[in-house]
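[1] Sequence plus predicted model, see below.
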Amino acid sequence: MAAPSPHPDGIPGSRLSGPWPVGEYASALRDRLRGFTRVQVFGELFGLKVGRAKVWFELRDRWGALPCSMWRKDWDALGLHTLGDGAVVVAAGGCDFYPGSRASSPSFSFAVSKLRVAGEGDLLAQVERLRRALADEGLFEPQKRLARPSLPRTIGVVSGEGGKARDDVLAGLRRRGWAGRIVWAFAPVQDRRAAPAITRALQDLAACEEVEVIVVARGGGSLADLFAFCDETLCRTVALLRVPVISSVGHHTDRTLIDDVAAVACSTPTHAAEAAVPVDCAAARAQLRGLAARLERRSRLAIVERARVLARLARAPADHVERHRTRLHQHARELRATARRRLETAGRHTSTTALVLERKARAASGAEQVQHARNLERLALALAAHEPQRALERGYALVEDPSGEPVTSAAAAREHAELTLRLHDGRVSVRPRP
């Protein structure tokens, strides 16, 4: 340890006391400053620096400035994480002085024991500055470009666990007749812990693939009460979420920063629930039931009409076949009549030819005449063999229907109640056995 410096002589001619060791004087100065009356001062905050143990800043106004310090634990208890330059605050405390040493510089500060923001007007100015900064970065648009489902299956809700906002959200969803799934994320909605907790809740809900839209709900209050929803980190998180966020913070006249960055801002939690489910499910169900009834009636009429058409189409082939059958029967009768006439004509022609040949044979003489006679006789026999009447004379019979047409098969015979058998010496009526 170094030896203390010898006490020097004072300045010649000076009437001031001393000289005193600087450490002694600095300690006396510290004690004197700390003895000043503890007061409250106010001014604009600038140059905020947060250290491990203490927080340093300056309070300024148009007439002067005052360096201030505050214990870190007391500062964190205030929850003023978004406090920035220019905010007007009221500080309670007193003067403090650090004497310094051979290795460190002295310092003076106003030791702050308590601090509060000086009125909502200053908070509004601070919120407005942050609003302009977020707008300049384009963070008001990403959420509004997200597509919101008309009928989400799963809705995430961030609210206080015991607040009225929770009941209002449920009432709005019941009014819509929605029967989906709600994923709750309860978080503090007021004090210094609110903004980080709400941010984590939003991130957790957005990480659930089933969640299609998120509602942030909180009842009314003063701007200080709602200040957590103006947190910069919270607003930036909302702006970059993949899930659309519907905010409902405060009453009709309240406007927090989360309302600006969210996809939709509603005046009440009930309206937020209705915005999350744009479709009135109860009315849609009633409409669907009416449409289903009309479709069922139309289906029945269509089925009946189709059955009628099919019945007509089913009868059409039978009618077509019947027409062709009638025409074919007519053609068959005509063919049989034509064949009978040709046979009769051919028989008469054959008889005439035979008679002529017989006469010529008688007129012929000699061997040639005998040969011709034999040829003629053979031709006569051949012609006679083809004579229908000869067939009848040999014991055959011709079956005819009532119209005189030949019957050529047993199936055709069964179609008539009475038939005629034509023999060589007459006709006989018969009835076919069934």
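    Structure received.
[2] how does this structure divide into domains?
    When the chain is parsed with automatic domain parsing, its domains come out as 22-118, 138-279, 288-315, 326-386, 390-434.
[3] Out of these, indicate the one that is most buried.
    Most buried of the domains of the chain, by mean neighbour count (mean count of other Cβ atoms under 10 Å): domain 138-279, with a mean of 19. Yep, even glycine has a C-beta here, placed from its N, CA and C like the rest.
[4] can you list the weak-confidence ranges in the stretch 51-200 of the chain?
    For the stretch 51-200 of the chain, applying pLDDT under 70 flags the ranges 81-83, 119-125.
[5] low-confidence ranges in the stretch 301-434 of the chain?
    361-369, 384-395, 424, 434.
[6] Strands of that one, start to end?
    Along the stretch 301-434 of the chain, the stretches classed as strands by DSSP state E, counting those that start in this stretch are 398-400, 419-423, 426-430.
[7] rewinding a little: can you put the domains of the chain in a markdown table and add distance to Gln126?
    Shown next, in a markdown table, are the domains of the chain (distance: least, Cβ to Cβ, whole Å):
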| stretch | distance to Gln126 |
| --- | --- |
| domain 22-118 | 5 |
| domain 138-279 | 8 |
| domain 288-315 | 51 |
| domain 326-386 | 104 |
| domain 390-434 | 111 |
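[8] Tell me where the protein has helices.
    When assigned using DSSP state H, the helices of the chain occupy the ranges 22-34, 72-78, 120-136, 164-176, 194-207, 232-239, 257-261, 269-276, 281-363, 366-385, 388-393, 410-413.
[9] To Gly47, which of those helices lies closest?
    Nearest of those to Gly47, taken as Cβ to Cβ: helix 72-78 at 14.4 Å.
[10] do you know how far the residue nearest the centre of the chain is from Ala187?
    Residue closest to the average C-alpha location in the chain (Cα atoms, centre = their mean): Pro149, at 6.7 Å. Distance of Pro149 to Ala187, given as Cβ to Cβ, to the nearest Å: 24 Å.
[11] Gln126 and Gly84 touch, don't they?
    Yes - here Gln126 reaches Gly84: they are 6.1 Å apart, a contact under Cβ atoms under 8 Å.
[12] I figured Val216 was touching Ser247, is that so?
    Yes - judged on Cβ under 8 Å, Val216 makes contact with Ser247 at a distance of 4.9 Å.
[13] any common contacting residues for these two?
    Phe229, Ile258, Ala262, Ala272 (Cβ atoms under 8 Å, 6 or more residues apart in numbering).
[14] residues contacting the second one?
    In other words, Ile258. Contacts of Ile258 (Cβ under 8 Å, 6+ apart): Val216, Phe229, Cys230, Leu234, Cys235, Val238, Val245, Ser247, Val249.
[15] need the contact list for the first one.
    This points to Val216. Val216 neighbours (Cβ under 8 Å, 6+ apart): 158-159, 198, 202, 229, 245-249, 258, 262, 272.
[16] what's the closest of the shared contacts of Val216 and Ser247 to Ala332?
    Nearest to Ala332, judged by Cβ to Cβ, of those is Ala272 at 89.3 Å.
[17] Need the pLDDT of the closest one.
    Turning to Ala272, the model gives it a pLDDT of 89.
[18] Now it: closest residue in space, sequence neighbours ignored.
    Ranked by Cβ to Cβ, 6 or more residues apart in numbering and with sequence neighbours excluded, the top spatial neighbour of Ala272 is Ser248, at 3.6 Å.
[19] Over to Ala195?
    Nearest residue to Ala195, sequence neighbours excluded (Cβ to Cβ, 6+ apart): Asp231, at 3.5 Å.
[20] Over to the one you found: give its phi and psi.
    Main-chain dihedrals, Asp231, degrees, to the nearest 10: phi -60, psi 130.
[21] Verify the contact between it and Thr199 for me.
    Yes - if you go by Cβ under 8 Å, Asp231 and Thr199 touch, sitting 7.5 Å apart.
[22] The closest residue to Ala77 other than its chain neighbours and Gln203: what is the separation?
    Leaving out its chain neighbours, the residue that sits closest to Ala77 by Cβ to Cβ, 6+ apart is Arg192, at 7.2 Å. Distance of Arg192 to Gln203, given as Cβ to Cβ: 19 Å.
[23] next one: Leu376
    127 Å.
[24] ok, now Glu137?
    Glu137 is 20 Å from Gln203, by Cβ to Cβ.
[25] again with Leu379
    Taking Cβ to Cβ, one finds Leu379 at 122 Å from Gln203.
[26] same question, Leu240
    Remark: distance between Leu240 and Gln203 (Cβ to Cβ) = 10 Å.
[27] Compare the domains of the chain and report which one is nearest to Pro6.
    The nearest among those, by Cβ to Cβ, is domain 22-118 at 14.6 Å.
[28] Any idea how far the closest one is from the middle of the chain?
    With Cα atoms, centre = their mean, to the nearest Å as the basis, domain 22-118 stands 58 Å off its chain's centre.
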